[in-house]
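Asks: 3D model of this:
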Amino acid sequence: MPKRFPLKSLLVWLSLSLVSANAFAIGKCERLVATGNPEYPPYLWRDPQNPQQLIGANADLLKQLGKDLGVVIDVIYSGPWSRAQDDVRTGRVDLLAGAFVTLPRLENMDYVHPAFFITPSVAWVRKGEVFPYTSWADLQGRTGDTLVGNSFGQQFDTFAKQNLTLEGVSSLTQAFQKLLLGRTDYVLYERYPGLAVAETLGVDDDLEVLDPPISSEGLYLALSHNSACNEPWLRGQLARKMTELVASGVPEQILQRNLELWKAQQMQPDPVGDANQ
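Replies: Numbering: from 1, shown residues only. All right, here's what the predicted structure looks like:
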């Protein structure tokens, strides 16, 4: 006759098993490393006091996620945007702290839903040199700049590859400089981070944007397929906590706080200097 276990003992055993499973999931990756675009205020930028770290709205949001999950998330500077993406793709870094959805990234990363920000991207031009623009097709026949590895959503990326003349540069500073020297006709970049950088360079009065935006895309947290920490438990917990934070309006509160921080820092000497260039 099979041996029967009391119901109480079975429940205790199941509870201990669940606790052990969660402890294992948390303990296996007590620290996650994230990176992102270092020239992306107010979302991300290099900490003037510690240039090897990234600060900003995205970094604060990740730290809040980590705190809620009992995991330390360190947001580091790993190089320009193209290098940051490559580090996440290869698994040298676990997380990309803010990225649009593209097919190439989907092959290498798991996106955490929902998006925590929706950000418009625009074509920047020299002041007083606006050209007729109502759709993507109006960019054809002109030369534009964008950051190496940057994306504006899969649909626009496909159109641009087939129809536009775009050159890749390593920094937005370089792109704006080329634009103001007349070496390009427009620069593609997000509206608000672009304005923040233009104000820092003191060229915001020399630039303007074309409307409508070329795209408005969701900004997501992405976890590398090659991260040793990429497990169903972690993906599920990140999605659950992100859903809670977005529903409660936390990302917008964090964004406003970092807008003020970025503006305040621009009134002080910048020890990073031209390190982003």
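Asks: Leu223: how many residues sit nearby?
Replies: 23 (other CB atoms under 10 Å). Where C-beta positions appear, they are placed from N, C-alpha and C, glycine not excepted.
Asks: For it, give the beta-bridge partners.
Replies: Leu223 forms beta bridges with Leu95, Asp110, as assigned by DSSP bridges.
Asks: Touching, it and Val93? I think so.
Replies: No. Look at Leu223 against Val93 with CB atoms under 8 Å: they stay out of range, at 10.4 Å.
Asks: Checking Lys161 next. Helix, strand or coil?
Replies: Reduced to three states with DSSP: H, G, I helix; E, B strand; the rest coil, the structure at Lys161 is helix.
Asks: Pairing partners for Leu188 in the sheet, please.
Replies: Beta-bridge partners of Leu188, counted by DSSP bridges, are Ala123.
Asks: Would you confirm that it contacts Ala123?
Replies: Yes. If you go by CB under 8 Å, Leu188 and Ala123 touch, sitting 5.9 Å apart.
Asks: ok, Gln237 - contacts?
Replies: Neighbour list for Gln237: Leu69 [criterion: CB atoms under 8 Å, 6 or more residues apart in numbering].
Asks: Show me which residues of the strand or helix carrying it are buried.
Replies: Element membership for Gln237 (DSSP states H and E) is helix 232-247. Neighbour-count burial for helix 232-247 flags 233-235, 237-239, 241-242, 245-246 (criterion: 16 or more other CB atoms under 10 Å).
Asks: what's the answer for stretch 138-150, then?
Replies: So stretch 138-150, judged by 16+ other CB under 10 Å, has buried residues 139, 144-147, 149-150.
Asks: Which two of the residues you listed have the greatest separation?
Replies: Set against one another by CB to CB, the buried residues of stretch 138-150 have their most distant pair in Leu139 and Gly149, with a gap of 19.6 Å.
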